[in-house]
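Pasted the sequence and its predicted model underneath.
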Amino acid sequence: MSNVRYISNLTRETYALILAGGRGSRLHELTDWRAKPALYFGGKFRIIDFPLSNCINSGIRRVGVVTQYKSHSLIRHVMRGWGHFKKELGESVEILPASQRYSENWYQGTADAVFQNIDIIRHELPKYVMVLSGDHVYRMDYAGLLAAHAESGADMTVSCLEVPVAEAAGAFGVMEVDDDMRILGFEEKPQLPKHCPGNPEKCLASMGNYVFNTEFLFDQLKKDAQNANSDRDFGKDIIPSIIEKHKVFAYPFKSAFPNEQAYWRDVGTLDSFWLANMELLSPTPALNLYDAKWPIWTYQEQLPPAKFVFDDDDRRGMAVDSIISGGCIISGATVRRSVLFNEVRVCSYSLVEDSVVLPDVVVLRHCKIKNAIIDRGCIIPEGTVIGYNHDHDRAKGFRVSEKGITLVTRDMLGLPVGYE
């Protein structure tokens, strides 16, 4: 059997479940009205588009999206952008909201979210179940993960990456492995992570992406559901309980393409969200959104092209080292090193620098904004200064992050809330 046919058979026998119910509380007001996977990223996308695109580009065409926290905008986006698959052809992207199918509780943890959808998964008759985190930005060919799982004879495979020990402390599940990458130990978010052999500065962290043999997964979920002391979590409960008696392997995260560094970002804080967007402005960014070999799919609104008007010396509509999306109008203003999402308008004599501006924002005249995140639908009053003096920003009710990024939302401006 050819390698292509072998991989094709593996992906066809796989059902992917994307866990997209998380709030992302470290993003503060950015996730007051939307789940983290629904958060905007990269000028025109949402975070959920990345694991979904990875599935489609990897050849996995049966996907369930598990939702829970403030999921309206997420569900709407998935229905608009991913609802065109044909169930009759063996492909589908289905939304699986918390619906108390097996208990009176909402999803209690990552394992419980899968357990409560066992009947839906069983109906698909997959040989493998892939459980994926829905709140990270990354590009990954899942076919390699599936092949490694099948060839090792594993019951479960955990996708992992090397991260600095200091970064992993209290933030990631950390594992110990032998020379064959079999997992010997696993700790969920330890304060003192165990480092990689021979490298005291790095440790092996779980990405929250798993592959299971289907019946093995069901058996472990049923056992966990009967354990009154369980937190119903893969990292805290399932993995530690099976590594001694079952074959659980780690799979090092690799790029989808040869000679390319693997890209993965958590974007779980205001600073990491801002920085990951700023990285896209590089002439050769680590995440190439323009790569036709691995497209990122999304819901595409029908919008007019971006427009730049006025060419007077003191009133020139221009943008440099920036991403400017459809429907934007830069009217006699200057934008530098910034990401502007759809339908942003920046009015005359204003300056926007080093900022992430989400859709439908209006920046009125004579404003100065730098090192900021402006949430969707904000209307910035004329003459407003943001990001130049953190004490002034806080006095206006804006949030300033640990590294000095200023967040502005509609609520902070006294505008009606609920914009998603």
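That came through, no problem. Residues are numbered from 1 along each chain as shown.

Flag the shaky bits of this structure, pLDDT-wise.
1-2, 99-106 (pLDDT under 70).

hey, where'd the helices end up in it?
Here the chain has its helices, by DSSP state H, at 3-12, 49-58, 72-82, 110-115, 118-124, 142-152, 165-168, 214-225, 239-242, 270-279, 390-395.

Determine which of the ones you listed approaches residue 208 most closely.
helix 110-115 (7.7 Å; C-beta to C-beta). C-beta: built from backbone N, CA, C; applies to glycine.

Which elements pack onto that closest one?
On a contact count with 3 or more C-beta pairs under 8 Å, 6 or more residues apart in numbering; DSSP states H and E, helix 110-115 meets strand 14-19, strand 128-133, helix 214-225.

one step back: of all the helices of the chain, which one comes closest to residue 253?
helix 142-152 (8.7 Å).

ok, and for the closest one, which residues are buried?
Neighbour-count burial for helix 142-152 flags 142, 143, 144, 145, 146, 147, 148, 149, 150, 152 (criterion: 16 or more other C-beta atoms under 10 Å).

Okay, now stretch 257-264: how far is its last residue from its first?
Terminal residues of stretch 257-264 lie 14 Å apart, using C-alpha to C-alpha, to the nearest Å.

Oops, could you answer that again for stretch 353-361 instead?
Terminal residues of stretch 353-361 are spaced 15 Å apart (C-alpha to C-alpha).

Could you do stretch 354-368 as well?
Stretch 354-368 has its terminal residues 11 Å apart, counting by C-alpha to C-alpha.

Over to stretch 389-400?
By C-alpha to C-alpha, the extent of stretch 389-400 from end to end equals 10 Å.

Excluding its own residues, what touches that stretch? List them.
Contact with stretch 389-400 is made by 28, 29, 270, 385, 386, 387, 404, 406, 407, 408, 412, as judged by C-beta atoms under 8 Å, 6 or more residues apart in numbering.

and the last one, what does it touch?
I take that to be residue 412. Residues near residue 412 by C-beta under 8 Å, 6+ apart: 29, 396, 397, 398, 399.

thinking again about what came up before, what's the closest of the helices of the chain to residue 297?
So among those, helix 49-58 is nearest, using C-beta to C-beta, at 5.0 Å.

Which one (most neighbours) among the contacts of residue 412?
Ranked by the number of neighbours (other C-beta atoms under 10 Å), the contacts of residue 412 place residue 398 first, at 20 neighbours.

Roughly how far does that residue sit from residue 207?
Separation of residue 398 from residue 207 (C-beta to C-beta, to the nearest Å): 33 Å.

State whether residue 185 and residue 243 are indeed in contact, as I suppose.
Yes - counting by C-beta atoms under 8 Å, residue 185 touches residue 243, with 7.1 Å between them.

Show me which of the two is the more surrounded one.
More crowded of residue 185 and residue 243, by other C-beta under 10 Å: residue 243, with 20 against 13.

For residue 200, give me its contacts.
Per C-beta under 8 Å, 6+ apart, neighbours of residue 200: residue 165.

how about the strands of the stretch 201-350 of the chain, start to end?
Read by DSSP state E, counting those that start in this stretch, the stretch 201-350 of the chain holds these strands, from start to end of the chain: 202-213, 248-252, 264-265, 307-309, 311-312, 315-316, 318-320, 323-324, 329-331, 334-336, 339-340, 345-346.

any idea which of the buried residues of helix 142-152 is closest to residue 167?
Distances from residue 167 to these, taken by C-beta to C-beta, are shortest for residue 145, at 22.7 Å.

quick one, what contacts that closest one?
Applying C-beta under 8 Å, 6+ apart to residue 145 gives the contacts 130, 157, 159, 209, 211, 251.

try it again with 7 Å
157, 159, 211, 251 (C-beta atoms under 7 Å, 6 or more residues apart in numbering).

Could you find the closest non-adjacent residue to the second one?
Read that as residue 159. Distances taken as C-beta to C-beta, 6 or more residues apart in numbering put residue 209 closest to residue 159, at 3.9 Å, once the chain neighbours are dropped.

Count the residues that sit near that neighbour.
Here the number of neighbours of residue 209 (other C-beta under 10 Å) works out to 25.

again, but for residue 345
Number of residues near residue 345 (other C-beta under 10 Å) recorded here: 19.

right, and it touches residue 329 too?
Yes - using C-beta atoms under 7 Å as the test, residue 345 is close enough to residue 329 to be in contact (4.8 Å).
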